[in-house]
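S.K.: Return a 3D structure for these sequence lines:
(4 chains)
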Protein chains: 2
Amino acid sequence: MSELDYRPSTAAVSLAGTRTRTIGVMLDDFRNQWFVDLLTGLRESLEGQGLRLVVADRFLNTGLDTSPVEGFLSMRVEGIVVAGEPDGLPRIPRSTPVVVAGGRADAPGASSVANDDRTGGRLATEHLLALGHRHVGHLSTTDSRAGIERRAGFDDAMAAAAVRADQARPEASDAGLSGVTVALTGPMTEATGAAAAARLLSDHPEVTAVFAANDMMAIGALSVLAEHGLRVPEDISIVGYDDTPIAAARFIDLTSVDDRSVDIGRAAGAALLARIADHDLEPTDSLVQPRLVVRGSTAAPRQT
Amino acid sequence: MSELDYRPSTAAVSLAGTRTRTIGVMLDDFRNQWFVDLLTGLRESLEGQGLRLVVADRFLNTGLDTSPVEGFLSMRVEGIVVAGEPDGLPRIPRSTPVVVAGGRADAPGASSVANDDRTGGRLATEHLLALGHRHVGHLSTTDSRAGIERRAGFDDAMAAAAVRADQARPEASDAGLSGVTVALTGPMTEATGAAAAARLLSDHPEVTAVFAANDMMAIGALSVLAEHGLRVPEDISIVGYDDTPIAAARFIDLTSVDDRSVDIGRAAGAALLARIADHDLEPTDSLVQPRLVVRGSTAAPRQT
DNA sequence: TTGTAGGCGTTATCAA
DNA sequence: TTGATAACGCCTACAA
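M.R.: Numbers count the residues shown, from 1 in each chain, chains lettered A, B, ... in the order given. Take a look at the predicted model:
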């Protein structure tokens, strides 16, 4: 017809066609960078299906919609991906498949693909124990589901280590092995991490290693450690969680646990595709195994 | 009719109505956090107009569209906001108003709202000079338009200081005042900042203050400074640019220049609204004045 | 005021 | 195969 730019109207295509070929991705907050990797994974799965992604965070269209989901439903998306813990999800009709990526599905009928936070917490702690640390602190918050899981992983690792120590030297019991958690209320931010670290150092100066529930808390802890004159990793080791870009920065160089967000996205996309293809499929829940990324913030404790 | 969730179909509304009440926001990359503030400002202007924001970065729908703009045009958006420097913008029909936010408008017919990078560079440099620094280094890259502007601001400030020094003590000329720039090729990343800082320290060990073209380069420089045993700010001061969240972190505590991205978004929204209301309006260009945010990474030089 | 036909730009269907 | 035509779900204009 004309080489002078004609474009089919998506509105007309959607109206007339049998499907909209659109899937909605609801983020909690554009500031939480992990969604970038999630989207990468989602694209990989949905690529070639001709599906268009529409993203929105909770704030994007406040004033128009109470939730981005309302907007998605209005545009008749074929599926919805909810990234992170779904706070106040509106009721979503069964006809629209939902998969929660990066959190557990609270919504009935939704599939979920989440990081195995408990295993991640265990990995981080085992790394510190393997380096030879015996007094390990954990910084967390009580408000986050992920934080609670990571703490459970920490406890798992410490308990297992105690059993091993006991088996090796039954006469000594678990003497000399201690794991202490400081869990504050509040968000998992730098400020919370700093406050928790301050408490840990004053109450338990014997710790030589710290596992923070996420990278931001770890960075908060770093400032407190520096203010106490403690060098990382010579005097004290520290591990974070999420493997954020800032953790990889040379100046921070933080050992962290990689959520594998790309893989989560890929799996979430696959799960959604399956349920779009067959709406009678039962919702599924799956866990993605995290991976420890060792950097310069962890080392063996100094000989005492 | 029914309180059992009915939602108007946006497709049908768009098709039947006279307007789509949708505006497209094209980001360069979701990883560049500054768009979050931009969106906040945009929302403020567009709120109450019943306009729906649709965001996409360059990668979101690769495979479907060559550019997010294609998608926007297909959905018949009423206006387009391009965040950052528009690389390869497709031709956009005059009937769709475009405003470039955070960069200069390369596209003909587009309005622009940008940060005054040159003034920002001058502010940063003047701050260091006012503290008493006389040997100031600048870390930059040759590839970024913003970087070039910021460097010009650095040069402005150094030149003005030289004139002042000459007026005060004509016999000494500008002796003792030096500004040296290390501008590498490549992106404004941490790695580039580290490389530039290493070169600066080896070629010009006399510098007591550094102005980095953005926060990431500043953080790269921080690691090099630390490796050289230089304390911040006791031995050397450093200023960044962009006032990213990480600069505000207590562990980094970086003096930086605030782009005022929220204000840029607000102005961009207003500019777009005006052109939507009257399509015959001429495109406008405006600059938003940056603001220096002083933190703990800058201090007066030690007495020598 | 309330009701009804027409049309928005496509896809899909049903004849030819 | 090709071609005409009826939806798609809503808005708008016009008629009652």
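S.K.: only C-alpha atoms for contact and neighbour calcs from this point on.
M.R.: Noted.
S.K.: By proximity to DNA strand D, which residue of chain A wins?
M.R.: A:Ala16 (3.1 Å; Cα to the nearest atom of the strand).
S.K.: hang on, A:Arg118 packs against A:Asp155?
M.R.: No. A:Arg118 is not in contact with A:Asp155 according to Cα atoms under 8 Å; the separation is 9.4 Å.
S.K.: Near DNA strand D, which residues of chain A are found?
M.R.: A:Ala12, A:Leu15, A:Ala16, A:Gly17 (Cα under 7 Å from any atom of the strand).
S.K.: again, only using 10 Å
M.R.: A:Ala11, A:Ala12, A:Val13, A:Ser14, A:Leu15, A:Ala16, A:Gly17, A:Thr18, A:Ser74, A:Met75, A:Arg76 (Cα under 10 Å from any atom of the strand).
S.K.: Can I get the buried part of the residues you listed as one ChimeraX selection?
M.R.: Buried subset of the residues of chain A next to DNA strand D, written as a ChimeraX selection, criterion 16 or more other Cα atoms under 10 Å in any protein chain shown:
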select /A:11,12,14,15,74,75,76
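S.K.: and the residues of chain A next to DNA strand D as TSV, adding distance to A:Leu42 and pLDDT?
M.R.: Below are these laid out as TSV (distance: Cα to Cα, whole Å; pLDDT from 0 to 100):
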residue	distance to A:Leu42	pLDDT
A:Ala11	24	96
A:Ala12	26	96
A:Val13	23	96
A:Ser14	22	96
A:Leu15	25	94
A:Ala16	27	95
A:Gly17	24	93
A:Thr18	23	92
A:Ser74	22	96
A:Met75	20	96
A:Arg76	19	97
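S.K.: So which of the residues of chain A next to DNA strand D reach DNA strand C?
M.R.: Okay, of the residues of chain A next to DNA strand D touching DNA strand C (Cα under 10 Å from any atom of the strand), that's A:Ala11, A:Ala12, A:Val13, A:Ser14, A:Leu15, A:Ala16, A:Gly17, A:Thr18.
S.K.: show me where the stretch 1-150 of chain A has helices.
M.R.: A:10-16, A:34-46, A:68-74, A:117-130, A:145-168 (DSSP state H, counting those that start in this stretch).
S.K.: which secondary structure elements does the fourth one contact?
M.R.: Under the contact criterion of 3 or more Cα pairs under 8 Å, 6 or more residues apart in numbering or on different chains; DSSP states H and E, helix A:117-130 touches helix A:145-168, strand A:209-212, strand A:256-258, strand A:291-293.
S.K.: rewinding a little: measure the residue of chain A closest to DNA strand D to B:Arg122 for me?
M.R.: Distance from A:Ala16 to B:Arg122, counting by Cα to Cα, to the nearest Å: 57 Å.
S.K.: Also A:Thr185?
M.R.: 43 Å.
S.K.: These two - which one has more neighbours?
M.R.: B:Arg122 (22 against 12; other Cα atoms under 10 Å in any protein chain shown).
S.K.: Just give the nearest non-adjacent residue to that one, would you?
M.R.: Nearest residue to B:Arg122, sequence neighbours excluded (Cα to Cα, 6 or more residues apart in numbering or on different chains): B:Gly153, at 4.2 Å.
S.K.: Kindly provide the distance from the one you found to B:Val82.
M.R.: Counting by Cα to Cα, the gap from B:Gly153 to B:Val82 is 25 Å.
S.K.: try A:His138
M.R.: 44 Å.
S.K.: Also A:Tyr6?
M.R.: Per Cα to Cα, A:Tyr6 is found 22 Å from B:Val82.
S.K.: neighbour-wise, which of those two wins?
M.R.: B:Val82 (24 against 10).
S.K.: residue contacts, the more buried one?
M.R.: Counting by Cα atoms under 8 Å, 6 or more residues apart in numbering or on different chains, B:Val82 makes contact with B:Val25, B:Met26, B:Leu27, B:Val98, B:Val99, B:Val100, B:Ala101.
S.K.: what do you get for A:Ala83?
M.R.: A:Val25, A:Met26, A:Leu27, A:Asp28, A:Phe35, A:Val100, A:Ala101, A:Gly102, A:Gly103.
S.K.: per-residue pLDDT, A:Arg31?
M.R.: For A:Arg31, the pLDDT comes out at 95.
S.K.: right, and it touches B:Gln33 too?
M.R.: Yes. Using Cα under 8 Å, A:Arg31 is in contact with B:Gln33, at 6.9 Å.
S.K.: Comparing these two, which residue is more hemmed in?
M.R.: Counted by other Cα under 10 Å, A:Arg31 and B:Gln33 do not tie: A:Arg31 has more neighbours, with 18 against 15.
S.K.: any idea how far the more buried one lies from A:Gly50?
M.R.: 28 Å.
S.K.: Next up, phi/psi of the closest residue to DNA strand C within the stretch 201-304 of chain A, please.
M.R.: Nearest residue of the stretch 201-304 of chain A to DNA strand C: A:Ala277, at 15.4 Å (Cα to the nearest atom of the strand). The phi/psi pair for A:Ala277 (degrees, to the nearest 10) reads phi -70, psi -40.
S.K.: What about it, how many residues nearby?
M.R.: Using other Cα under 10 Å, A:Ala277 has 9 other residues around it.
S.K.: cool, A:Pro93 as well?
M.R.: Around A:Pro93 there are 11 residues (other Cα under 10 Å).
S.K.: Show the model's pLDDT score for it.
M.R.: pLDDT, A:Pro93: 92.
S.K.: Check A:Ala226 too.
M.R.: Looking at A:Ala226, its pLDDT stands at 95.
S.K.: Contacts (any at all) between chain B and the strand or helix carrying it?
M.R.: A:Ala226 is part of helix A:215-227, with elements assigned from DSSP states H and E. Yes. Interface with chain B: helix A:215-227 contributes A:Ile219, A:Gly220, A:Leu222, A:Ser223 (Cα under 8 Å from any Cα of the partner chain).
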